[in-house]
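Undergrad: Test case, fold it:
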Amino acid sequence: MARLRRRSCVALFLFALFVLATLMGLRTLKPTDGFSALAPGADVLPVFGEKVDRRSMPSDAQPSAAQARNPRPASSNSSPDKGMSYDVHIFYYMWYGNPQMDERYLHWDHILVPHWDPKIAASYPRGRHVPPEDIASSFYPELGPYSSRDPEVLESHMEQIGAAGAGVLVLSWYPPGLADDHGEPTEDLVTSILDAAIRHGLKVAFHIQPYKGRSDHSVHENIKYIIDRYGDHGAFYRFTTSNGKALPLFYIYDSYLTPPEAWAEMLTSTGSHSLRGTPYDGVFVALIVEERHKNDILAGGFDGMYTYFASNGFSYGSSHQNWKGIKTFCDGNNLLFVPSVGPGYIDTSIRPWNNHNTRNRVNGRYYETALQAALNVRPEIVTITSFNEWHEGTQIEKAVPKKSVTRLYLDYQPHEPDLYLELTRRWVEQFSKEKEQWLM
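TA: Numbering: from 1, shown residues only. Next up, the predicted model:
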């Protein structure tokens, strides 16, 4: 009898473990945690749309009179010969370096960022990573700890992005001479990336990052610089509105750091240094994190909002359950809503205390859930976070199994290194087909 009781206890214990594991798995698909004080990468932007229709059309299309009156997009923006869509944008980072190309490792040796609370920080390791065996990522790239300056790496990246069907590479950009806190200036790489992109039928848009002293005036100068320097390149992306204007599209990260009243001076027609109606006009898209940012975005003169973060439930904007409401707000105010989807999230290689924001990939199911959530709100553009943000584990770039003396990296097994490229490709095809039906 005692032996039977022991067996029953063991069985109940194993069943309880199974239930707990199942609940944790479901949490990765539909987390319930709300906005955290920590941003898993960077911060936020606001947005407002001038009363100009910003709905998408292919850049070579001309609107009819009915289309000019109707805010709905005239058609999907795809490239049938390449099987890719210019309505699918993917965030790209060019901050990596290695000794072969840059004399030292850049970003692969990222520091372990301490928690802002000294008491919590004391419980976690400090220091920095030591490549090539120990890199600042929970995954290991098939190309190894590469340099963004390596021409062969750029070719491989453009080939992978093209294979995934994403037509627009959104380049993380800092002004000349400036960089993030852990890297070096990379603006001199932009032409090489544009050249590589055009060889693979890709377009390039710009993701303007926060930097010291950034303001509406400095961004005004940034926009002029980018358009003057790169606007004539064949890979420079322009978003064609239903009134026939082909305008550059810019994502502006962390715009909430600048008051909406200041953005309005640049982004409304009556602003003191307005870009509207000038050769430097564009489609300006800001990041929505908190619900209140919707109205800030509107007041600031932006043309749309994107959500960036790949961690469902991390913020108001990145929570799939809020996308329908955000889309309704945007439709009612003639703004673009650009949801951002990602394959998962894990940044504990650089923020070891941030495990609560981890979102497991679940062999691709997390990604498919996010993609379907985006498709459900019928967006005109979808962004993917990311191609190669390895620190935060949001990359769809090829990764391989790797084990070192001190590290065991995550990988995509039992699938191949191109799993997330293939999932993206299949979804882009579905998105393009369904979008054609929405527009009929």
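Undergrad: What values do phi and psi take at the residue nearest to A399 when sequence neighbours are not counted?
TA: Spatial nearest neighbour of A399, chain neighbours left out: F139 (4.3 Å); criterion: C-beta to C-beta, 6 or more residues apart in numbering. In short, each C-beta sits where N, CA and C put it, glycine included. The main-chain torsion angles of F139 are listed as degrees, to the nearest 10 and equal phi -120, psi 170.
Undergrad: Please, which helix or strand holds the residue nearest to F431 when sequence neighbours are not counted?
TA: Counting by C-beta to C-beta, 6+ apart, F431 lies nearest to L375, which is 6.0 Å off, once chain neighbours are set aside. When elements are defined using DSSP states H and E, L375 is found to belong to helix 365-376.
Undergrad: Let's test this: mean pLDDT of that helix, rounded?
TA: Averaging the model's pLDDT scores along helix 365-376 yields 97.
Undergrad: how about that helix: buried residues?
TA: Neighbour counts over helix 365-376 (16 or more other C-beta atoms under 10 Å) mark R365, Y366, Y367, E368, T369, A370, L371, A373, A374, L375 as buried.
Undergrad: I figured the fourth one was touching E422, is that so?
TA: No. Counting by C-beta atoms under 8 Å, E422 is not a contact partner of E368; they are 11.6 Å apart.
Undergrad: Would you point out which residue is most central in the chain?
TA: T385 (3.1 Å; C-alpha atoms, centre = their mean).
Undergrad: Now that residue. Its backbone dihedrals?
TA: phi -110, psi 100.
Undergrad: so how far is H200 from it?
TA: The spacing between T385 and H200, counted by C-beta to C-beta, to the nearest Å, is 21 Å.
Undergrad: ok so, going back, report how many residues lie close to the residue nearest to A399.
TA: Burial of F139, expressed as a neighbour count using other C-beta atoms under 10 Å, amounts to 23.
Undergrad: again, but for the one 5 residues further on
TA: Neighbour count for G144, taken as other C-beta under 10 Å: 14.
Undergrad: Which parts of the stretch 101-250 of the chain are strands?
TA: Taking DSSP state E, counting those that start in this stretch as the test, the strands found in the stretch 101-250 of the chain are 166-173, 203-208, 238-240, 246-252.
Undergrad: got a pLDDT number for the closest residue to S147 other than its chain neighbours?
TA: For S147, ignoring the flanking residues on the chain, the nearest one in space by C-beta to C-beta, 6+ apart is M101 at 3.5 Å. Per-residue confidence at M101 stands at 97 (pLDDT).
Undergrad: and which of the buried residues of helix 365-376 is nearest P248?
TA: Proximity of the buried residues of helix 365-376 to P248 (C-beta to C-beta) peaks at A374, which lies at 23.5 Å.
Undergrad: these two touch, right, that closest one and P339?
TA: Yes. Taking contact to mean C-beta under 8 Å, the distance of 4.4 Å between A374 and P339 places them in contact.
Undergrad: Below-threshold pLDDT in this structure: ranges please.
TA: Within the chain, the segments meeting pLDDT under 70 span 1-82.
Undergrad: mind putting the buried residues of helix 365-376 in JSON lines, distance to K212 included?
TA: Conversion of the buried residues of helix 365-376 to JSON lines gives the following (distance: C-beta to C-beta, whole Å):
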{"residue": "R365", "distance to K212": "41"}
{"residue": "Y366", "distance to K212": "35"}
{"residue": "Y367", "distance to K212": "35"}
{"residue": "E368", "distance to K212": "40"}
{"residue": "T369", "distance to K212": "38"}
{"residue": "A370", "distance to K212": "33"}
{"residue": "L371", "distance to K212": "36"}
{"residue": "A373", "distance to K212": "36"}
{"residue": "A374", "distance to K212": "34"}
{"residue": "L375", "distance to K212": "39"}
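Undergrad: So the residue nearest to A399 sits against Q395, correct?
TA: Yes. Contact criterion C-beta under 8 Å: F139 and Q395 qualify, at 6.8 Å.
Undergrad: just to revisit the earlier point, the strands of the stretch 101-250 of the chain into a markdown table, with extra columns for mean neighbour count and distance to H391?
TA: A markdown table is the format used below for the strands of the stretch 101-250 of the chain (neighbours: other C-beta atoms under 10 Å; distance: least, C-beta to C-beta, whole Å):
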| stretch | mean neighbour count | distance to H391 |
| --- | --- | --- |
| strand 166-173 | 25 | 12 |
| strand 203-208 | 24 | 16 |
| strand 238-240 | 23 | 29 |
| strand 246-252 | 23 | 19 |
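Undergrad: could you dump those strands to a markdown table with distance to T270?
TA: Below are these laid out as a markdown table (distance: least, C-beta to C-beta, whole Å):
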| stretch | distance to T270 |
| --- | --- |
| strand 166-173 | 28 |
| strand 203-208 | 23 |
| strand 238-240 | 23 |
| strand 246-252 | 19 |
